[in-house]
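Undergrad: just coords:
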């Protein structure tokens, strides 16, 4: 029974990752309890200095965690939750954890508040890395 569940889950993930058309990216969603079932597209960009490492566009459910490999060099775990409303445009809290793919060294764990439709950038100066996040 357990092997069947794993094989079914794998079969569901393959078409989704193949549909992105970005071969160095692999994404999988991990369910969270009580997750709202509202989908948003998260545009994520990772740079080393001026060099673009990867820019995945990920459809995800609010309240669910997604794991992504960026360029084969970095591993990213990303979760988006609704931020407290302030009466303006919808805002979201993006919680992320960025690690090296080869040794698992955690590089950063920024929590960023992003207003829907507005790009947000954070520089991780100690690592010469920067991330950009936009939610649609």
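TA: Thanks, I have the structure now. Because the structure is a prediction, the values reported are computed rather than measured.
Undergrad: only C-alpha atoms from now on, for both contacts and neighbour counts.
TA: Fine.
Undergrad: for this structure, name the helix or strand with the lowest mean pLDDT.
TA: helix 2-19 (a mean of 34; mean pLDDT, DSSP states H and E).
Undergrad: in contact with the residue nearest in space to the middle of the chain, which residues?
TA: Of all residues in the chain, the one closest to the mean position by CA atoms, centre = their mean is residue 78, 3.8 Å from it. Residues near residue 78 by CA atoms under 8 Å, 6 or more residues apart in numbering: 65, 66, 67, 94, 95, 96, 97.
Undergrad: buried set for stretch 114-127?
TA: Buried residues in stretch 114-127, defined by neighbour count with 16 or more other CA atoms under 10 Å: 114, 115, 116, 120, 124.
Undergrad: residues near residue 103, how many?
TA: 9 (other CA atoms under 10 Å).
Undergrad: could you do the one 5 residues further on as well?
TA: By the measure other CA under 10 Å, the count of residues near residue 108 is 15.
Undergrad: which secondary structure element contains the nearest residue to it once chain neighbours are set aside?
TA: Leaving aside its sequence neighbours, residue 108 sits nearest to residue 98 (CA to CA, 6 or more residues apart in numbering; 5.3 Å). Element membership of residue 98 [criterion: DSSP states H and E] is strand 91-100.
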